[in-house]
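K.L.:
here is the input, now give the coordinates:
(chains A and B)
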Amino acid sequence: MKELPPAEIVVLKGGWLTTVQDLGRYGYQHDGVSVSGAMDSFSTIVANRLVGNSDQAAVLECTLKGPELLFEQETVIAITGADLSPTVNGASVPTWQSFVISRGSRLSFGPPQSGCRAYLAIAGGIDVPLVLGSRSTHYASETGGLQGRPLQQGDALRGGNPGPFINRQIGAELPDALRPRYGHAATLHITPGPQVDCFGEQSIRMMMSSDYTVSPQSDRMGYRLAGTKIARKGLDQFISDGTAMGALQVPPDGQPILLMADRQTTGGYPKIAVVISGDLPFAAQLVPGDRIRFAQCSVAEARATMRRQRADLDAALPPHVQQLRSDGTRSQ
Amino acid sequence: MRSQSHEQRRKDSIETTFRILLLGDSALTIEFGNEIDQKINARAIAFAETIVRQRWNGIHDIVPTYRSVTVHFDPLQWDSATLAKRLKTLPRREPGRAELHGILHEIPVLYGGEWGPDLEEIATFAGLQPAEAIALHASIYYRVYMLGFSPGFPYLGLVPERLAIPRRATPRTKVPAGSVGIADRQTGIYPTATPGGWQLIGRTPVAMYRKTRSNPCLLKPGDSVRFKPIAQDEFDHLSREGRHDND
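P.N.:
Numbering: from 1, shown residues only, chains lettered A, B, ... in the order given. The predicted structure is shown next:
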């Protein structure tokens, strides 16, 4: 294969909710700007590495019903995360593996087989303007991505310049042992939250021994969970403070909300616990109706899990040299 | 000897106001108190500035709020215990003028009518005529306690007790950009059109948030705000000069 030109893609159908995402818009939470970014960072990083991109390159996050895309240039792509039955010109294509998609091909998706969100990486990344240091779409504030909104029919997307070793990437795949399996129930490990003291021992025990269901009122901002009510000890007004992805906040109705990528930067409900970083990619793949069970974990264990996951991934698929862009640290 | 004991005392007095809470494996919250108070808020803002100045790698965000600072970090580069230790050794100082009062902003507001659809309700709640409610809302300096909720949304306080109307029972699905609202002892400005439950008293034509600027927000925590009632023609004139980001 010759040197690849940047990808050119026409959106024939937008799908249910397809957005441009990278690893998030850091450095502006003090201004109230949500981090957003891919819900499943693991699948995003894997998709990027499979096509020779830096981990921070922008990908498409496709939710349940994927888009239909026409590729007007030959390029290399990889699809990770949920299995939404991807096909090219009607023939099934593999997930967790990169492949060449020829000029004039149509990529479409069928019924979801497992998980909720698929990630499509294109050699060179999706080229949309950086807004406050990131390409992520936060549609509530119409920030980033393609005009701050999900993809729709008639949109045109361009890729960036593919990495120098793209030819060597073709056919690269994530070893089977590292591929996550998504079911309709997940155990999420949690560490005690900053306001765990607002809740009684009994409440916490009940929460740990109950199943919670992801309710239909769930989106990129957060999942409302239905299950055993979590009671506060007192009714003192709680003063808003900083939130984090994975935080479980408890509103007065006692039904916890799991904060996800598009969460607000600050929140006015106490946070009983926080899901560990290493389990968030699994949380990202849950759909309404799926069940969650919580398991206690220490922050040291949480960190060990994260490090082990990353070491395993680096051994199988080393990161590519970073492109010239913000490294995600605070820019001011 | 004397200066050393003074130094010790000074350190102790700040230390007692400082506790570090775990917010998962990638964030810590440093809490300075448990009330909405100018001095506690100023301490949080000053400490956030001190952390910013360290320019540590792997720190994603430093977020001052009413009475705390949340530090978000890369869990592959930092662990909570090491970061907590580093935070405890940072120099502490009592807040200066910048954190106590900041920059004074005069924000023009067209009160009532379609721009402040809840003015009548607010006035009734306060037992005042609408004009008196406007005058009271515009009579004092408010502190910017924090930015949150949506990009550039300032939490201002404290609203005079009499005007402290609770949130609406059912939030509006879309509050226009520039709307000035009240919720209990807080008042705020919606920088962009979002859903919202605050009682709307008026609207400002001044843009609070421009995502195309590297410094996207007009107001910073610690700043002071005073509202200036304006008439329709001035509102229209100013609207032409500085549009909101996503009307």
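K.L.:
and residue 74, what does it touch?
P.N.:
With no chain named, the answer covers chain A. A:1, A:4, A:100-103 (C-beta atoms under 8 Å, 6 or more residues apart in numbering or on different chains). Every residue, glycine included, has its C-beta placed from N, CA and C.
K.L.:
the intended chain is chain B.
P.N.:
Here B:Asp74 is in contact with A:328, B:26, B:58-60 (C-beta under 8 Å, 6+ apart).
K.L.:
sorry, back to before: of the contacts of A:Glu74, closest to B:Pro64?
P.N.:
A:Leu4 (45.6 Å; C-beta to C-beta).
K.L.:
that closest one: neighbour count?
P.N.:
Neighbourhood size, A:Leu4 [other C-beta atoms under 10 Å in any protein chain shown]: 20.
K.L.:
and the strands in chain B, which stretches?
P.N.:
B:19-22, B:27-31, B:59-64, B:68-73, B:104-111, B:142-147, B:154-157, B:172-175, B:179-183, B:186-189, B:194-196, B:199-203, B:224-229 (DSSP state E).
K.L.:
which one of those strands has the lowest average pLDDT?
P.N.:
Among those, strand B:194-196 carries the lowest mean pLDDT, at a mean of 88.
K.L.:
tabulate the strands of chain B (CSV), appending distance to chain A.
P.N.:
Listed next are these as CSV, based on distance: least, C-beta to the nearest C-beta, whole Å:
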stretch, distance to chain A
strand B:19-22, 4
strand B:27-31, 4
strand B:59-64, 4
strand B:68-73, 3
strand B:104-111, 16
strand B:142-147, 4
strand B:154-157, 7
strand B:172-175, 12
strand B:179-183, 10
strand B:186-189, 10
strand B:194-196, 7
strand B:199-203, 17
strand B:224-229, 16
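K.L.:
with mean neighbour count and distance to A:Asp262 as extra columns, can I get these in JSON lines?
P.N.:
Shown next, in JSON lines, are the strands of chain B (neighbours: other C-beta atoms under 10 Å in any protein chain shown; distance: least, C-beta to C-beta, whole Å):
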{"stretch": "strand B:19-22", "mean neighbour count": "18", "distance to A:Asp262": "23"}
{"stretch": "strand B:27-31", "mean neighbour count": "24", "distance to A:Asp262": "17"}
{"stretch": "strand B:59-64", "mean neighbour count": "26", "distance to A:Asp262": "15"}
{"stretch": "strand B:68-73", "mean neighbour count": "26", "distance to A:Asp262": "15"}
{"stretch": "strand B:104-111", "mean neighbour count": "19", "distance to A:Asp262": "28"}
{"stretch": "strand B:142-147", "mean neighbour count": "26", "distance to A:Asp262": "17"}
{"stretch": "strand B:154-157", "mean neighbour count": "25", "distance to A:Asp262": "20"}
{"stretch": "strand B:172-175", "mean neighbour count": "14", "distance to A:Asp262": "17"}
{"stretch": "strand B:179-183", "mean neighbour count": "24", "distance to A:Asp262": "22"}
{"stretch": "strand B:186-189", "mean neighbour count": "25", "distance to A:Asp262": "20"}
{"stretch": "strand B:194-196", "mean neighbour count": "19", "distance to A:Asp262": "12"}
{"stretch": "strand B:199-203", "mean neighbour count": "26", "distance to A:Asp262": "25"}
{"stretch": "strand B:224-229", "mean neighbour count": "17", "distance to A:Asp262": "28"}
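K.L.:
mind putting these into CSV with distance to A:Pro162?
P.N.:
Output for the strands of chain B, formatted as CSV (distance: least, C-beta to C-beta, whole Å):
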stretch, distance to A:Pro162
strand B:19-22, 41
strand B:27-31, 35
strand B:59-64, 28
strand B:68-73, 32
strand B:104-111, 48
strand B:142-147, 39
strand B:154-157, 44
strand B:172-175, 42
strand B:179-183, 46
strand B:186-189, 45
strand B:194-196, 38
strand B:199-203, 48
strand B:224-229, 49
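K.L.:
of those strands, which is nearest A:Glu201?
P.N.:
Checking those against A:Glu201 by C-beta to C-beta gives strand B:19-22 as the closest, at 18.5 Å.
K.L.:
the residue nearest the centre of chain B bridge partners, please.
P.N.:
When chain B is reduced to its mean C-alpha position, the closest residue under C-alpha atoms, centre = their mean turns out to be B:Met146, at 2.4 Å. Beta-bridge pairing of B:Met146 under DSSP bridges involves B:Tyr155.
K.L.:
now do the same contact list for it.
P.N.:
Counting by C-beta under 8 Å, 6+ apart, B:Met146 makes contact with A:240, A:266, B:41, B:64-66, B:154-155, B:221.
K.L.:
can you pull the pLDDT of the residue in the stretch 51-200 of chain A that chain B sits nearest to?
P.N.:
Nearest to chain B in the stretch 51-200 of chain A, going by C-beta to the nearest C-beta, is A:Pro194, at a distance of 3.7 Å. What the model reports for A:Pro194 is a pLDDT of 96.
K.L.:
ok now do it, which residues does it touch?
P.N.:
Contacts for A:Pro194 (C-beta under 8 Å, 6+ apart) come out as A:241, A:271, B:21-23, B:29, B:31.
K.L.:
cool, B:Phe235 as well?
P.N.:
B:Phe235 makes contact with B:108, B:110, B:115, B:203, B:205, according to C-beta under 8 Å, 6+ apart.
K.L.:
how does it look with 6 Å?
P.N.:
Neighbouring residues of B:Phe235 by C-beta atoms under 6 Å, 6 or more residues apart in numbering or on different chains: B:110, B:205.
K.L.:
pLDDT below threshold where in chain B?
P.N.:
B:1-16, B:242-247 (pLDDT under 70).
K.L.:
domain ranges for it?
P.N.:
Residue ranges for the domains of chain B, per automatic domain parsing: B:2-100, B:104-241.
K.L.:
endpoints of the last one, how far apart?
P.N.:
Between the start and the finish of domain B:104-241 there is a gap of 21 Å, counting by C-alpha to C-alpha, to the nearest Å.
K.L.:
report the separation between A:Gln152 and A:Leu146.
P.N.:
9 Å (C-beta to C-beta, to the nearest Å).
K.L.:
can you name the residues bridging to the closest residue to chain B within chain A?
P.N.:
Going by C-beta to the nearest C-beta, chain B is nearest to A:Gly242 of chain A, at 2.6 Å. Residues in a beta bridge with A:Gly242, per DSSP bridges, are A:Thr266.
K.L.:
how about stretch A:299-316, which residues are buried there?
P.N.:
Across stretch A:299-316, burial judged by 16 or more other C-beta atoms under 10 Å in any protein chain shown covers A:299, A:302-303, A:305-306, A:309-310, A:313.
K.L.:
for the chain, which segments count as helices?
P.N.:
You didn't say which chain, so I picked chain A. Counting by DSSP state H, chain A has helices at residues A:41-50, A:166-169, A:201-208, A:280-283, A:299-316.
K.L.:
my bad, chain B
P.N.:
Using DSSP H, helices in chain B cover B:2-15, B:38-54, B:80-89, B:97-100, B:119-126, B:130-137, B:232-241.
K.L.:
out of these, deepest packed?
P.N.:
Counting by mean count of other C-beta atoms under 10 Å in any protein chain shown, helix B:38-54 has the highest mean neighbour count of those, with a mean of 21.
K.L.:
restrict that one to CA atoms and write it as PDB.
P.N.:
Only the C-alpha atoms of helix B:38-54 are listed here, as PDB (Å, rounded to 0.1, in the frame of the first residue of the first chain):
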ATOM      1  CA  GLN B  38     -16.100  34.400  52.200                       C
ATOM      2  CA  LYS B  39     -12.900  33.600  54.100                       C
ATOM      3  CA  ILE B  40     -13.200  29.800  53.700                       C
ATOM      4  CA  ASN B  41     -13.900  30.300  50.000                       C
ATOM      5  CA  ALA B  42     -10.900  32.700  49.600                       C
ATOM      6  CA  ARG B  43      -8.600  30.100  51.300                       C
ATOM      7  CA  ALA B  44      -9.800  27.500  48.800                       C
ATOM      8  CA  ILE B  45      -9.100  29.800  45.900                       C
ATOM      9  CA  ALA B  46      -5.700  30.800  47.200                       C
ATOM     10  CA  PHE B  47      -4.700  27.200  47.700                       C
ATOM     11  CA  ALA B  48      -5.900  26.300  44.200                       C
ATOM     12  CA  GLU B  49      -3.600  29.100  42.800                       C
ATOM     13  CA  THR B  50      -0.700  27.700  44.900                       C
ATOM     14  CA  ILE B  51      -1.200  24.200  43.300                       C
ATOM     15  CA  VAL B  52      -1.500  25.700  39.800                       C
ATOM     16  CA  ARG B  53       1.900  27.400  40.300                       C
ATOM     17  CA  GLN B  54       3.600  24.100  41.100                       C
END
